[in-house]
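**Q** Using only what follows, build the 3D model:
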Amino acid sequence: MTTFYTRKGDGGRSKIRSKNLLKDNILFQLLGELDELNSWLGLCKVGAGKNRATKEVVATLTDIQQDLFTIQAEVAVIGGGFRSKVKIGAERIKSAEKAINTINSKLPAITKFVVPGGSELSARIDVARAMARRVERIAVIFSRKNELRPELLKYLNCLSSLLFALARLANRKLKIKEENPKY
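**A** Residues are numbered from 1 along each chain as shown. Prediction:
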């Protein structure tokens, strides 16, 4: 049996490999934000999985979740002061860009801003997009003191665009018309 508690607390500290760090370390904020985003994407998948029309959305969300696990592993190892063997590579950035282009080819051109929402699935993916932007901002802060590879930061930058495209695709597949701000 695996035990998930110590019965004595951790004193606000956590270990990454041999490093014992305070939980207010930016490393744990970044790892926590990545975990939150990944968990939210799981909720998005549950909503998308109920409808055959959105199976493409589910497949893309699954790919993103796998990428986020790779990123979490890379960040944790770097935060622990080691070189990571697990890395998000240029091929995943190209794959994300290709997915954006494929999705965009199925959607009308954007001439105005799009109000988040429409369908529940699209709204959830829009929340994920906002979370992805927060993850990217925190990763940039983390990278000031820890050497994150440019590919990792590029992927995180691309991720919010991919999620925006997915939110639009979800509405399209569910036959929900996009709403534009009225100002």
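**Q** for this protein, what spans make up the helices?
**A** 26-48, 55-79, 90-105, 120-143, 150-173 (DSSP state H).
**Q** Buried residues of the third one, list them for me.
**A** By neighbour count, and taking 16 or more other Cβ atoms under 10 Å as the criterion, the buried residues in helix 90-105 are R92, I93, S95, A96, A99, I100, I103, N104. The C-beta positions use only the backbone N, C-alpha and C, and glycine is treated the same way.
**Q** can you check the longest one too?
**A** Of the residues in helix 55-79, 56-58, 60-61, 64-65, 67-68, 70-79 count as buried by neighbour count, 16+ other Cβ under 10 Å.
**Q** Can you tell me the closest non-neighbouring residue to N157?
**A** Leaving out its chain neighbours, the residue that sits closest to N157 by Cβ to Cβ, 6 or more residues apart in numbering is E136, at 5.9 Å.
**Q** what's the neighbour count on that neighbour?
**A** E136 sits with 17 neighbouring residues when counted by other Cβ atoms under 10 Å.
**Q** My guess is it contacts Y155. True?
**A** No - in this structure, E136 is not within contact of Y155 by Cβ atoms under 8 Å, at 9.4 Å.
**Q** Make TSV out of the helices of the chain and add mean pLDDT and distance to K182.
**A** Converted to TSV, the helices of the chain look like this (pLDDT from 0 to 100; distance: least, Cβ to Cβ, whole Å):
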stretch	mean pLDDT	distance to K182
helix 26-48	95	27
helix 55-79	95	28
helix 90-105	97	25
helix 120-143	97	18
helix 150-173	97	18
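**Q** Please name whichever of the ones you listed is nearest to R7.
**A** Among these, the nearest to R7 by Cβ to Cβ is helix 26-48 (21.7 Å).
**Q** Now do the same contact list for the nearest residue to A167 once chain neighbours are set aside.
**A** Once flanking residues are discounted, A167 sits nearest to I125: 4.0 Å by Cβ to Cβ, 6+ apart. Going by Cβ atoms under 8 Å, 6 or more residues apart in numbering, I125 touches C44, V57, L163, L166, A167, A170.
**Q** Okay, I125 and L153: tell me how far apart.
**A** 22 Å (Cβ to Cβ, to the nearest Å).
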